[in-house]
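> Below: sequence and its predicted model.
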Amino acid sequence: MWFPHSAAEAARFYCTIFNDSRIISSSPQSATFELEGQVIIAFNGGPHYQLNEAFSLYINCETQDEVDYYWEKLAENGKKSRCGWLTDQFGVTWQVIPSMLISALNHTDREKAGRAMQAMMKMSRIVISELEEAMA
């Protein structure tokens with residue numbers, strides 16, 4: 001990941017949020033860290049390239065508490081978007097998605113799946129109970 005100047009700061013921030021995380025190495029120009037088994041190398045590359053929504057990290061959540069936790073922590077000083085997407089204070093885009101949403105959108109009953117899609121499209125942070133209600 002290419003950051004203008006905050007690679008180590010971003011790595012430390014992410015490691016405070018994810019329980020299974022660690023800084024592997026850090027230097028003035030880069031930081032290597034691990035989040036939930038995924039190794040990420042972050043560089044301080046200057047302003048030449050910018051992070052944007054074309055690249056996002058996906059967080060699969062099992063409960064509403066998990067969705068709410070990651071949503072609030074990562075959106076702090078960042079920008080909340082729609083359909084479970086947000087951009088954090090470092091410019092990294094995240095998808096905070098309950099696994100139930102994927103099941104709902106792929107439901108064999110296409111009417112239920114459609115209602116789940118319509119409900120999701122109205123949400124910023126995904127709310128599992130609202131998806132369940134829409135499918136019922």
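On my side now, so go ahead.

> Secondary structure element for the residue most central in space within the chain, which one?
Residue closest to the mean C-alpha point of the chain, counted by C-alpha atoms, centre = their mean, is residue 94 at 2.6 Å. Assigned by DSSP states H and E, residue 94 falls within strand 93-98.

> cool, residue 115 as well?
helix 110-121.

> got the angle between that helix and strand 93-98?
Helix 110-121 and strand 93-98 are oriented at 130 degrees to each other (axes from the mean of the first three to the mean of the last three C-alpha atoms, to 10 degrees).

> helices or strands up against the helix or strand that helix 110-121 is followed by?
Following helix 110-121 in sequence order, the next helix or strand is helix 128-135 (DSSP H and E). Judged by 3 or more C-beta pairs under 8 Å, 6 or more residues apart in numbering; DSSP states H and E, the packing partners of helix 128-135 are helix 64-75, helix 99-105, helix 110-121. Every C-beta, even on glycine, is put in place using the N, C-alpha and C of the backbone.

> How many neighbouring residues does residue 104 have?
If you count neighbours by other C-beta atoms under 10 Å, residue 104 ends up with 21.

> got the contact list for it?
Residue 104 makes contact with 112-113, 116, 131, 135 under the criterion C-beta atoms under 8 Å, 6 or more residues apart in numbering.

> for the residues you listed, which one is nearest residue 13?
Distance to residue 13, by C-beta to C-beta, is smallest for residue 131 among those, at 29.4 Å.

> contacting residues for the closest one?
So residue 131 contacts 98, 100-101, 104, 116, 119-120 (C-beta under 8 Å, 6+ apart).

> Which among these count as buried?
Taking 16 or more other C-beta atoms under 10 Å as the criterion, what is buried in these is 98, 100-101, 104, 116, 119-120.

> Kindly reformat the residues you listed as a markdown table containing distance to residue 5.
Output for those, formatted as a markdown table (distance: C-beta to C-beta, whole Å):
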| residue | distance to residue 5 |
| --- | --- |
| 98 | 34 |
| 100 | 38 |
| 101 | 35 |
| 104 | 41 |
| 116 | 41 |
| 119 | 40 |
| 120 | 35 |
